[in-house]
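J.: Fold the following for me, if possible:
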Amino acid sequence: MTEFKLVIGDPKTGKSYQREVKEQDAALFLGKKIRDVIKGESIGLQGYEFEVTGGSDDCGFPMRYDVEGTARKRVLAVHGLGIKKKEKGIRQRKAVCGNKIHEKISQINLKVLKEGKEPLEVAPEAEEKPAEETKAEKKKEEPKKEEKKPEVKEEKAEKKKEEPKKEEKKPEVKEEKAEEKQE
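T.: Numbers count the residues shown, from 1 in each chain. Predicted coordinates for the structure are as follows:
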C-alpha cells in the first residue's frame, strides 16, 4: 500500500498546504523525478499544474536532484540540501535519496505552476473540519479533569504532614532502649 504526504507550496501567497494521497492516486507519482510536471486532476485539484521540487524518504533523508535513481547514497557536497557552510571550500559527506519517487518515499514537495479555479485551502480539507471540531471538544473536557488533580495533590500533602509525626515517635523509642541498657 503506497501512501504519500504531499506538501504543496504556493509561491504567490507563500503558504504551503498538506494533503495525503493513497492507493491509485499515489501510484501516479511512482517513477516521477524531481522537476517533473504533474496535473492537478490526478489528485483532485482541477486546473492545477504542479512541479515536483523534492521530498524525503521514510527515514527522513531528503531527495536530491543530482543523485540518479531511487537508492540512498552518501555524497560529498559543497552546497545544497542540508549543508551549512562553515568555511569556504569545506566539503561535507551527506546521506541523500535519489531523485526518483519510489515506495519508500513518505513526503513529496510540490510547487504550484498553474492555478485552478478553486483555492487550495478549500478543496478536500473541508471534509477534515468536523474531525478538528471533535478535537476542540476534547480540549474543553480536559480542563475538567485538571480540576480533579489538585484534590489528589491536597491528599498527598496531608499524608506528608502525618509522616513527620511518625518520625517524632521514633526518637522516643530509642530513649527507652537507652534507659533499659542503663539499668
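J.: which residues of the protein score low on pLDDT?
T.: Residue ranges of the chain with pLDDT under 70: 1, 122-183.
J.: go with 90
T.: 1-3, 22-26, 42-45, 66, 76-92, 116-183 (pLDDT under 90).
J.: Domain map for it?
T.: Split into domains by automatic domain parsing, the chain comes to 3-127, 134-183.
J.: Now do the strands in this structure.
T.: Secondary structure of the chain by DSSP state E: the strands cover 3-10, 15-22, 37-39, 49-57, 72-77, 92-97, 105-114.
J.: I'd like to know which of these is closest to K84.
T.: strand 92-97 (8.3 Å; Cβ to Cβ). Where C-beta positions appear, they are placed from N, C-alpha and C, glycine not excepted.
J.: can you pull the buried residues of the closest one?
T.: 94, 96-97 (16 or more other Cβ atoms under 10 Å).
J.: Report the inter-axis angle for that strand versus strand 105-114.
T.: 90 degrees (axes from the mean of the first three to the mean of the last three Cα atoms, to 10 degrees).
J.: what's the distance between G44 and T2?
T.: Here G44 is placed at a distance of 17 Å from T2 (Cβ to Cβ, to the nearest Å).
J.: now H102
T.: Distance from H102 to T2, by Cβ to Cβ: 9 Å.
J.: which neighbours do these two share?
T.: L30 (Cβ atoms under 8 Å, 6 or more residues apart in numbering).
J.: could you dump the strands of the chain to TSV with distance to Y65?
T.: Output for the strands of the chain, formatted as TSV (distance: least, Cβ to Cβ, whole Å):
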stretch	distance to Y65
strand 3-10	16
strand 15-22	19
strand 37-39	15
strand 49-57	8
strand 72-77	12
strand 92-97	10
strand 105-114	12
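J.: Out of those strands, which is closest to K86?
T.: strand 92-97 (8.7 Å).
J.: Can you name the residues bridging to N109?
T.: When assigned by DSSP bridges, N109 has beta-bridge partners V7, G54.
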